[in-house]
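Asker: Return a 3D structure for these sequence lines:
(chains A and B)
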Amino acid sequence: MHLLDWLVVGAYLVWVVSDGIRRTRGTDKVEGYFLAHRSLPWWAVGLSVMATQLSAITLVGTTGQGYRDGMRFVQFYFGLPIAMLILSVTVVPFFYRAKVYTAYEYLEKRFDAKTRTLTSALFLLSRGLQCGVIIAAPAVILSIVLGWNLTLTVLAIGLPTVLYTMVGGVQAVTWTDVKQMAVIVAGIGAAVVMLVAGLPENVGVTHALHVAGTVGLMQSVDFSFNLEDTYTFWSGMIGGLFLMLSYFGCDQSQVQRYLTAKSVEAGRQSLLMSAYAKIPLQALILLTGVFVFVYYLFVTPPMLFNPVHEEAVRSGPLEDRYAALEREFEAAVAARREAAYALAATQRMNDEDAIALARHRFGVAEGRVRVIRRHAAELVREATGDRGYNDVNYVFPTFVTTQLPVGLVGLIIAAIFAAAMSSIAAELNSLSTATLIDFYRRYVKPVASERHYLAVSWTATAIWGLLACVIAVFAANLGSLIEVVNRFGSFFYGSLLGVFVLAIGTKRATGTGAFVGLIAGMSAVAWVAFSYPQISFLWHNVVGVVVVTVVGMAVSLVTPARPTPEVVRRAGL
Amino acid sequence: MSDVPERPFSHTAIRVLLVEALVIALLWLSGRHFG
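Answerer: Numbers count the residues shown, from 1 in each chain, chains lettered A, B, ... in the order given. Coordinates of the predicted model:
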């Protein structure tokens, strides 16, 4: 990386960390440290909600998916606007009026201590591990693409985030999120401008999109109903709706964002910002990937985008087969380039037959390139033993570091850092909150000075942060661990939503009903996941909600203890 | 005091749903047009 790029990344880090650690106004009280005294404007909270959701792996993984599969991943977010509307009239006013610090604290007011403790413990376990994965994923990619030391990359992402989150609390998280969103959008915008500017002289933007559309990359909406496909209209609308309800309504890393808003209305508005902007933003990120695809039609791409794995094959016994494939690849890419030029040229004419023929030729040429890439990936799997190998996450960083001019490389690396750090900061802050409020203050020391609780909060943030860095270094070397961690989250999410449906949706549900329902829901999701692995994980959330609600209500009806009027009042029902 | 004006939530909900329907329609149409 050029010196100027290092300076850009360094300037970004100094800017964000110094801004974060200056945000100490009102953080001498627990409420100020964790909830900013419920004083933040809706737009800052809204940007923080978006920045928390958009992790680095979303940024580089989604552009890679745009390159490989086109726009269809956008359907994953179709349930989000409806989820935000539902949450705006349910959990936002309930949590706000109950004056809670954590979503799980509300469950004790509504049910009992055991339900609160179980849900908060599951959150800590799941999010604690995931925080490590969120650091590991971009660290692995950046260390491979830029040749950086992996441990140092983990520390470069993790330590500054721990520092400002620990010192500034939720205000540091929110205001740095605002800046980080600006860096992310600037980075994506710069990449799109460069990609469009990099098109050949006689290929316009609409020609480029037509060429991408020829091989299906512009197909965004698929109305077929298929439980095995994650990316259809119905999977996104139904499965995605439940996932988003769980994530934004029950996950402390998001709940804490809107608890800092200055009113119920401001909390609602902050969620509605995502309802309006999330799908267009994701579409833009995917479109960036589609433009990278078009760019590499006219500039020869690497056969594989992961240089470390490529080198492992080159220097091993499969070297000759790989070299032969590379020769085939070069010829196929040249043929595809000619077909792309021909297709763009015929589109300028108005000859339908010529266009149809050119589209067919381009489709065949692209199919050939894909087959060769698939064979190359198989060689990597054979050589490295990594059965899950694919290089989709390396496409965008490779494009950035090899094709963009000095300065912009630094901006986009800073954007990847920003995406990672904004998610990590929110998670560390929420992990610290749940540790203090749901465990330390609840069980260890119910009465203590603000100063004491703040010292515990700082310590908890630091410990969770360092633990995340350690997990990140190990997770980086264990691909399967990342999958296990993500799967664990999916077992838990829908079931947790079911508990909140019982809490807010009905006065009759009891603590024991919710507790038994939660365990039944998680067991049911685990059974479905292992017995029917072909069913997309998005549907696990639906299974979790339904089982928890049905079992929870059934147990509640046979449980003698009904909620007392005091419980109903405390929970704002 | 809120920093945003109060308005009936049903109006907001309809607006969000209309914007979403419009965005999905645009995505679908772009797939048809360029595909």
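
Asker: Now the host helix or strand of residue A:429: average pLDDT?
Answerer: Using DSSP states H and E, residue A:429 sits within helix A:408-434. Helix A:408-434 comes out with an average pLDDT of 96.

Asker: Kindly report the same for stretch B:18-27.
Answerer: 96.

Asker: Run through the neighbouring helices and strands of the helix or strand just after the helix holding residue A:429.
Answerer: Downstream of helix A:408-434, the first helix or strand assigned by DSSP H and E is helix A:450-477. When contacts are defined as 3 or more C-beta pairs under 8 Å, 6 or more residues apart in numbering or on different chains; DSSP states H and E, helix A:450-477 packs onto helix A:30-35, helix A:113-146, helix A:150-197, helix A:408-434, helix A:479-505. Backbone N, C-alpha and C define where each C-beta goes, glycine included.

Asker: Quick check: pLDDT value at residue 9.
Answerer: Let's take chain A. Reported pLDDT for residue A:9: 94.

Asker: please go with chain B instead
Answerer: For residue B:9, pLDDT reads 85.

Asker: returning to that earlier point: quick one: the helix holding residue A:429 to helix A:150-197, angle?
Answerer: Helix A:408-434 and helix A:150-197 are oriented at 130 degrees to each other (axes from the mean of the first three to the mean of the last three C-alpha atoms, to 10 degrees).

Asker: and helix A:408-434, how far out from the chain's middle?
Answerer: Relative to its chain's centre, helix A:408-434 lies at 11 Å (C-alpha atoms, centre = their mean, to the nearest Å).

Asker: before we move on, back to that, can you tell me which of the helices and strands packed on helix A:450-477 is most buried?
Answerer: helix A:408-434 (a mean of 27; mean count of other C-beta atoms under 10 Å in any protein chain shown).

Asker: hang on, the earlier thing: can you list the helices and strands packed on helix A:450-477 in a markdown table and add distance to chain B?
Answerer: What follows is the helices and strands packed on helix A:450-477, written out as a markdown table (distance: least, C-beta to the nearest C-beta, whole Å):
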| stretch | distance to chain B |
| --- | --- |
| helix A:30-35 | 17 |
| helix A:113-146 | 27 |
| helix A:150-197 | 15 |
| helix A:408-434 | 22 |
| helix A:479-505 | 16 |
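
Asker: Make JSON lines out of these and add distance to residue A:295.
Answerer: Compiled in JSON lines, the helices and strands packed on helix A:450-477 are given as follows (distance: least, C-beta to C-beta, whole Å):
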{"stretch": "helix A:30-35", "distance to residue A:295": "45"}
{"stretch": "helix A:113-146", "distance to residue A:295": "17"}
{"stretch": "helix A:150-197", "distance to residue A:295": "5"}
{"stretch": "helix A:408-434", "distance to residue A:295": "14"}
{"stretch": "helix A:479-505", "distance to residue A:295": "29"}
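
Asker: which one is the residue in chain B positioned nearest to chain A nearest to, not counting chain neighbours?
Answerer: Relative to chain A, the nearest point of chain B is residue B:34 (3.3 Å; C-beta to the nearest C-beta). Leaving aside its sequence neighbours, residue B:34 sits nearest to residue A:213 (C-beta to C-beta, 6 or more residues apart in numbering or on different chains; 3.3 Å).

Asker: How many residues are close by that neighbour?
Answerer: For residue A:213, the count of nearby residues is 21 (other C-beta atoms under 10 Å in any protein chain shown).

Asker: and the lowest-mean-pLDDT helix or strand in chain A, which residues are buried?
Answerer: When each helix and strand of chain A is scored by mean pLDDT, DSSP states H and E, helix A:565-570 comes last, with a mean of 71. For helix A:565-570, burial by neighbour count (16 or more other C-beta atoms under 10 Å in any protein chain shown) applies to residue A:567.

Asker: Remind me what it packs against, helices and strands.
Answerer: Partner elements for helix A:565-570 (3+ C-beta pairs under 8 Å, 6+ apart): helix A:103-110.

Asker: Show me what the helix it packs on packs onto, helices and strands only.
Answerer: helix A:91-98, helix A:113-146, helix A:252-259, helix A:479-505, helix A:565-570.

Asker: Other residues contacting it?
Answerer: A:91, A:94-95, A:98, A:100, A:115-117, A:119-120, A:123, A:249-252, A:255, A:434, A:437-438, A:499-500, A:503-504, A:514, A:563, A:567, A:570-571, A:573 (C-beta atoms under 8 Å, 6 or more residues apart in numbering or on different chains).

Asker: swap in stretch A:431-438?
Answerer: Residues contacting stretch A:431-438 (C-beta under 8 Å, 6+ apart): A:30, A:34, A:101-102, A:104-105, A:116-117, A:120, A:123-124, A:127-128, A:131, A:165, A:252, A:256, A:453, A:456-457, A:460-461, A:464.

Asker: Please tell me how far that stretch is from the chain's geometric centre.
Answerer: 22 Å.

Asker: Put the alpha carbons of it into CSV.
Answerer: C-alpha atoms of stretch A:431-438 as CSV (Å, rounded to 0.1, in the frame of the first residue of the first chain):
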residue,chain,number,x,y,z
LEU,A,431,-22.2,-6.5,26.0
SER,A,432,-20.9,-4.3,28.8
THR,A,433,-24.4,-3.0,29.5
ALA,A,434,-25.9,-6.5,29.8
THR,A,435,-23.0,-7.6,32.0
LEU,A,436,-23.4,-4.7,34.4
ILE,A,437,-27.2,-4.3,34.4
ASP,A,438,-28.4,-7.9,34.0
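
Asker: Now do the contacts for the residue most central in space within chain B.
Answerer: Nearest residue to the geometric centre of chain B (C-alpha atoms, centre = their mean): residue B:19, 1.5 Å. Shown in contact with residue B:19 (C-beta under 8 Å, 6+ apart): A:81, A:276.

Asker: for residue A:332, same thing?
Answerer: Applying C-beta under 8 Å, 6+ apart, the residues contacting residue A:332 are A:365, A:368-369, A:372.

Asker: Which is the succeeding secondary structure element to the helix or strand harbouring it?
Answerer: For residue A:332, the host element (DSSP H and E) is helix A:319-348. Remark: after helix A:319-348, the chain's next helix or strand is helix A:352-384, criterion DSSP H and E.

Asker: That next one vs helix A:319-348, what angle?
Answerer: Going by the same axes, to 10 degrees, helix A:352-384 makes 160 degrees with helix A:319-348.
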